[in-house]
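Colleague: this one's structure only:
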């Protein structure tokens, strides 16, 4: 069983695969997210990043925070670049030109995954390349200042779908990426949150070690664009789980297993309050939005419980 | 910052050797600075795991170090925050289970240092 | 010498790829390129090559995966046409900046809209500015040889830029010709193996590829890329000389046909050059002194050499198989640029022909020659061959 001590050694030492000096916002939860995932690989990791927060803040020429092979090409192709790397790895190994094993990690934000990178991800999963796809989900295009994505929650205000006199923000619920990728019948999908370091680490290990393509979806609270005090980053991650907004669960060989079942699920207001992107929901006239949100969350949770109970395989 | 290179001095392709960001000290961003009280620490590693900037170094120790309640903590222990990179986000202070980290304003810390 | 096979231009491309036996081939089907990857897929299925072939879900992913594979350290190839090229344009533009020597077959097909699957050059002429080496092929034999040449030129340490080898859709890609295929062992030795010294998979020397570059450095990176482009001429000559030892052919930047004493010269790329040669011969038989120039290396563009070849031609007609709407046609533009420096410039006429696969006849090119010889040219207004109305 891994321990926080082991993880600390891997993420802090000279061999850490990502190092200090990057330009993440103060309090950015991508930092603990990526360093924990990278530490979970017992082999060297090749990282393919989509355009987005992680890529931009870690590599502003001539500085790079990566201490592991890394490449960025464009916005929508982390998964297809990774597919090419995987094909090269297989070919060069088969031809005896390289030795040793590696893990391949494609990383995108929710924008680069749910939206513009969706096709490339689906294709790579269908072709069964052996790689892990990590999505750091901050629920919008945060690198460019909070534009709406397919992962933005119902009721959130973004700059492209702002709350205003005749709008309460995003009128659609977000996509369920875990179920979409599980429908590709891949060996492992994990949904994790950045505050639960051990859970995240174990899921990343499973993702790296599975015999085929895997996806790890991690909620990544964004202090700058969800807009809250940076010190509260982990608190918001915890509240997301405690309100059932972001259940911690896995789909292992098609079977759902929920990791955490809050005994007293907190009302969604506890998660929403203090985030500027939801501030408008507390104004008179918007109560129905919160009510609808609560209903959706409760329905989704009930449905997830039923799927788990049934043992049905994706 | 070193002088910028001419085009003839760039290496082949748009590539960088690993970990050059260590040359960029983000500590200058700080408004708040963490103050860690080692005598109240249990070396639980929560702050180390959460730090976005890998700014809490650790070391391995068999003899251990004294911490909360006078106990000796062995194995992996934390050290002082690395102020070259710490951005002062305050996550460590907020999440510490024993509340042994507090955040003080950077200018107070600097003034205190000047008085020495 | 080699073995003659009756094959299409697409099969000739696949033959070259068979001998190259790349580490990775990434493919997405699009007419009229598809037979290249279909033929290659058969080689894979029968174990004739041991390439890792990745059948992706779009051309954008095709070029992305090719880039990933090449950056990882593999020799990776692909093929596309028209809409596929247009879809992968984003990555095609990124590839030279990343200095990845990918070689791709481009089977020239008209761009939509309207949708048309037949030959013209609007696809390739839309990507001339981003920094790929561009080589054009008149027939299947040239396609085969150009691909072998392209691998060595692209991967040369002085260059390290991607290259596209063009051929006319359907006209060359689907028509059967006798093609001389040279000895496998000789070709394999010529092509060699790609060095792993830039491989991302070299985990002992981790690096970051493709960082963000701000206004303080972007310009310098692009200048360095241009420097590499300027080295292509000398590398092309050297590699051509080496390939000549196997094939017995020459590899000039362009081919001149009976231009020495020509009073009118027609400039034309790819398959219509063959038609033009027949027209030249027919005119010459009537005692008219005409000639043809066929560009082969189009990027980088050999301005000085072109100028030198055409300085004594009194009048030049440039046949473009694409338009640049609202501006002079692309090949015409390059030739005007090349000839601008001359004290005594030739008269010039721009012609648009063959769009959307419209055939061009020897008689039509003869009519062009008559027009050029008559001196009735208007350099500022393009004319259209075979257009109704």
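Modeller: Structure received. Nothing here was measured: the structure is a model prediction, and the numbers come from that model.

Colleague: all the helices of chain C, residue numbers only.
Modeller: C:9-20, C:34-45, C:59-72, C:82-87, C:89-97, C:122-125, C:140-155, C:184-191, C:218-230, C:232-247, C:272-285, C:303-310, C:330-339, C:362-374 (DSSP state H).

Colleague: skipping adjacent residues, who's closest to residue C:241 in space?
Modeller: Of all residues not flanking residue C:241 in the chain, residue C:251 sits nearest, at 7.8 Å (Cβ to Cβ, 6 or more residues apart in numbering or on different chains). Just so you know, the C-beta spots here come from the backbone N, C-alpha and C atoms, and that holds for glycine as well.

Colleague: give me the pLDDT for that neighbour.
Modeller: Note on residue C:251: pLDDT of 98.

Colleague: for the one 4 residues further on, same thing?
Modeller: For residue C:255, the pLDDT comes out at 98.

Colleague: contacting residues for it?
Modeller: Contacts for residue C:255 were tallied using Cβ atoms under 8 Å, 6 or more residues apart in numbering or on different chains; they are C:138, C:273, C:293, C:294, C:296.

Colleague: same deal with residue B:89?
Modeller: Residue B:89 touches A:26, A:27, A:28, A:223, A:230, A:231, A:233, B:52, counting by Cβ under 8 Å, 6+ apart.

Colleague: the nearest residue in space to it that is not next to it in sequence: what secondary structure?
Modeller: Distances taken as Cβ to Cβ, 6+ apart place residue A:27 nearest to residue B:89, at 3.4 Å, with adjacent residues excluded. State at residue A:27, reduced to three classes by DSSP: H, G, I helix; E, B strand; the rest coil: coil.

Colleague: got the buried residues for the helix or strand containing residue A:301?
Modeller: Taking DSSP states H and E as the criterion, the element that holds residue A:301 is helix A:287-310. When burial is assessed from 16 or more other Cβ atoms under 10 Å in any protein chain shown, helix A:287-310 yields the following buried residues: A:289, A:290, A:293, A:294, A:296, A:297, A:301, A:304, A:307, A:308.

Colleague: on that earlier part again, wait, doesn't the residue nearest to residue C:241 sit right on residue C:245?
Modeller: No: at 11.4 Å, residue C:251 does not count as touching residue C:245 under the criterion of Cβ atoms under 8 Å.

Colleague: these two: who's more crowded?
Modeller: Regarding residue C:251 and residue C:245, a neighbour count based on other Cβ atoms under 10 Å in any protein chain shown identifies residue C:251 as having more, with 21 against 9.

Colleague: mind listing what that one touches?
Modeller: So residue C:251 contacts C:145, C:149, C:236, C:237, C:239, C:240, C:241, C:243, C:244, C:296 (Cβ under 8 Å, 6+ apart).

Colleague: does the second one touch residue C:243 like I think?
Modeller: Yes: when contacts are counted by Cβ under 8 Å, residue C:149 is listed as touching residue C:243 (5.6 Å).

Colleague: higher neighbour count, these two?
Modeller: More crowded of residue C:149 and residue C:243, by other Cβ under 10 Å: residue C:149, with 27 against 22.

Colleague: now that one: how far from chain A?
Modeller: 23 Å (Cβ to the nearest Cβ, to the nearest Å).

Colleague: contacting residues for that residue?
Modeller: Applying Cβ under 8 Å, 6+ apart, the residues contacting residue C:149 are C:135, C:236, C:239, C:240, C:243, C:251.
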